[in-house]
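> here is a sequence together with a model predicted from it:
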Amino acid sequence: MRSRPTGFASFASNPTMVGALTVLIVVVAVFLAYNANNGLPFVPTYRISATVPNANSLVEGNDVRMGGVRVGVVETITPEVTEDPDTGEQIYGAQLNLKLDRNVEPLPADSTLIIRSRSALGLKFLEVTPGSSDEGLPEGGALPITQAQPEPVELDEVFSTFDETTRRYSQENLLEFGNAIAGRGGSLNAALFELAPLTRDLVPVMRNIGSKATDLDGFLRALEATAAEVAPVAENQANMFVVLNRTFEALQTVARPYIQDTITTGLETERISLDTMPRIQPFLAHSAALFTDFQPGARALASTAPTLYETFVVGAPVLRRTPILNAQLAPTAQALLDFSNDPDVNSGLQALTRTFGILDTPLRFITPAQTVCNYGTILLDNAGELSSTGNSRGRWLRSVTVIPPTGPNAESGPASRPANGPARANHLHYNPYPNTAAPGQVRECEAGNEPYLAGQTVIGNTPGNQGTATSRKGGSD
């Protein structure tokens, strides 16, 4: 007679009990696997919240990492609207409720966080960077939106940095550069060998560039400003580079040997320039001062430009005729040289010098008689008119008869002294040396301009200034 199984043997032999236990184990395993992202049940956790300006496709259950190690999960994500305390504007963001391991408690209050990509498929995780504050966040504490930094850069934003045209041209550049390098390994090795001195010399250069006195930051800021100015005309510049292809094609025809020889001789030119530049520096400094002094003249050109234009218009025909004059200058100068080397000329010039020295004094007295009083012209004019009238038989000489006055010592006969009356007409009027604006005299043309003072004897210069007017006919006014 067979005995009945007891204990585990009876349990294992019961298919119903084995099936039920298996289902229970599977259910527990599925439950634990389903809740693995949210943490194991009955395990104590450290819960805090954080506000970010953009959840960036973060979903519930994503990892929370610290230093690359998983320390918790994102439990819930809810939209949040806050108000800026300074401007009063509404700020839209997302509140993340985090469930962290107890071993990170307490998290420093100045910790920062950023949402990063975990894979190219769009999976994200929240990275927390602990701060250095002694104050920790309590259970249920919150990190403000100001600590969600730095701003994350998504992978799609990196990929969209360059447009399709730029990416295509970049591919073409890489292809052409690859073709240029292909088969030139030996040349590259030689170039790298020759670069060794460059790397040694580059150290002091980089030290100078890194110096504060160089102001590299200011240079880069200036480049940024330049790029901002150039940006609006970027399309025009791109077209310019396209058109430059024709220029390079033209340069290709003279690349060898002309441009090649220019580059070869350029090294010697550079050495000469390095030796010459310090000597030219004072000249450049003086030139800068010179051009500074030119600035007032340049500003004056604005008003004088029309006059200069007329000068150039008039001067151009004259300059066209200057070659004829220039051709005559050489023989003329030679003739003057021969003339000056002639000993007779020198003796003649000495004689002329003595003559001019003798004539200097009388000419200083005679010259004003003509230049101021016009007496020479009047004399010749009157002499020419003496016989200006006549008929077919001849010319007439004009004359005027003057009847002298009568009385003691009158001009009509011998006199023992100047006539001085008693008749009104019997007075002598005589001026042997009238003023002719000569040196030391009153500036007047007295000869011929003396007023007749009736009833008075006047000998010498007439009282008063008679002026310089002598004749309206081509003479002095």
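Thanks, I have it. Residues are numbered from 1 along each chain as shown.
> need the contact list for Y375.
By CB atoms under 8 Å, 6 or more residues apart in numbering, Y375 lies in contact with 369, 436, 445, 447, 470. Heads up, the C-betas are built off the backbone N, CA and C, glycines and all.
> over to G394: give its phi and psi.
phi 160, psi -180 (degrees, to the nearest 10).
> roughly how far does it sit from A225?
101 Å (CB to CB, to the nearest Å).
> hmm, back to that, quick one: the contacts of Y375 as JSON lines, columns for neighbour count and distance to P404 too.
As requested, these are exported to JSON lines (neighbours: other CB atoms under 10 Å; distance: CB to CB, whole Å):
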{"residue": "A369", "neighbour count": "19", "distance to P404": "28"}
{"residue": "T436", "neighbour count": "22", "distance to P404": "27"}
{"residue": "C445", "neighbour count": "24", "distance to P404": "27"}
{"residue": "A447", "neighbour count": "17", "distance to P404": "21"}
{"residue": "T470", "neighbour count": "23", "distance to P404": "26"}
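> quick one, strands of the stretch 101-250 of the chain?
112-117, 124-129, 142-143 (DSSP state E, counting those that start in this stretch).
> got JSON lines for the ones you listed, with distance to I181 and mean pLDDT too?
Below are the strands of the stretch 101-250 of the chain laid out as JSON lines (distance: least, CB to CB, whole Å; pLDDT from 0 to 100):
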{"stretch": "strand 112-117", "distance to I181": "34", "mean pLDDT": "87"}
{"stretch": "strand 124-129", "distance to I181": "40", "mean pLDDT": "89"}
{"stretch": "strand 142-143", "distance to I181": "51", "mean pLDDT": "88"}
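> identify whichever of the ones you listed lies nearest to R65.
R65 lies closest to strand 124-129 among the strands of the stretch 101-250 of the chain, at 5.3 Å (CB to CB).
> hmm, back to that, quick one: which of the contacts of Y375 sit in strands?
With strands taken from DSSP state E, there is no overlap with the contacts of Y375.
> show me which of those is closest to L325.
Nearest to L325 out of these is A369 (CB to CB; 38.9 Å).
> how about that closest one, nearest residue that isn't a chain neighbour?
Spatial nearest neighbour of A369, chain neighbours left out: T436 (4.3 Å); criterion: CB to CB, 6 or more residues apart in numbering.
> and that neighbour, what pLDDT?
The score at T436 is 87. That number is its pLDDT.
> out of the strands of the stretch 101-250 of the chain, the one nearest P331 is which?
Per CB to CB, nearest to P331 of the strands of the stretch 101-250 of the chain: strand 112-117, 93.7 Å.
> gap between that closest one and the chain center?
Taking the mean of its C-alpha atoms, strand 112-117 sits 47 Å from the chain's own mean (CA atoms, centre = their mean, to the nearest Å).
> neighbouring strands for it, and are they parallel or not?
Paired strands of strand 112-117, with direction, are strand 124-129 (antiparallel) (DSSP bridges).
> the partner strand: which residues count as buried?
Within strand 124-129, the residues that count as buried by 16 or more other CB atoms under 10 Å are 124-128.
> tell me which of the contacts of Y375 fall in helices.
Here DSSP state H is the test, and those give A369 as lying in helices.
> take the contacts of Y375 and write them to CSV, including distance to Q171.
Listed next are those as CSV, based on distance: CB to CB, whole Å:
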residue, distance to Q171
A369, 102
T436, 103
C445, 102
A447, 108
T470, 102
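> number of residues surrounding L290?
By other CB atoms under 10 Å, 10 other residues sit near L290.
> picking up where we left off before, of the strands of the stretch 101-250 of the chain, which is nearest Q237?
Here strand 112-117 is closest among these (CB to CB), at 35.4 Å.
> residues making contact with that closest one?
Outside strand 112-117, the residues that reach it (CB under 8 Å, 6+ apart) are 50, 52, 54-56, 58, 123-129, 131, 143, 147-150, 152, 154-155.
> longest strand of the protein?
strand 69-83.
> now it: buried residues?
71-75, 77.
> tell me the one of those nearest Q281?
Of these, the one sitting nearest to Q281 (CB to CB) turns out to be V71, at 65.5 Å.
> contacting residues for that closest one?
V71 makes contact with 64-65, 100-101, 103-104, 128, according to CB under 8 Å, 6+ apart.
> now these as CSV including distance to T361?
Output for the contacts of V71, formatted as CSV (distance: CB to CB, whole Å):
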residue, distance to T361
V64, 120
R65, 118
L100, 123
D101, 126
N103, 125
V104, 121
V128, 115
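> show me the contacts for L143.
By CB under 8 Å, 6+ apart, L143 lies in contact with 48-51, 111, 113, 137.
> what about D344, neighbour count?
Neighbours of D344 using other CB under 10 Å come to 8.
> show me how the protein divides into domains.
The chain breaks down into these domains under automatic domain parsing: 1-34, 44-159, 163-214, 254-341, 345-383+418-477.
> compare those and give me the one nearest V233.
Using CB to CB as the measure, domain 163-214 is the one of these that comes nearest V233, at 17.5 Å.
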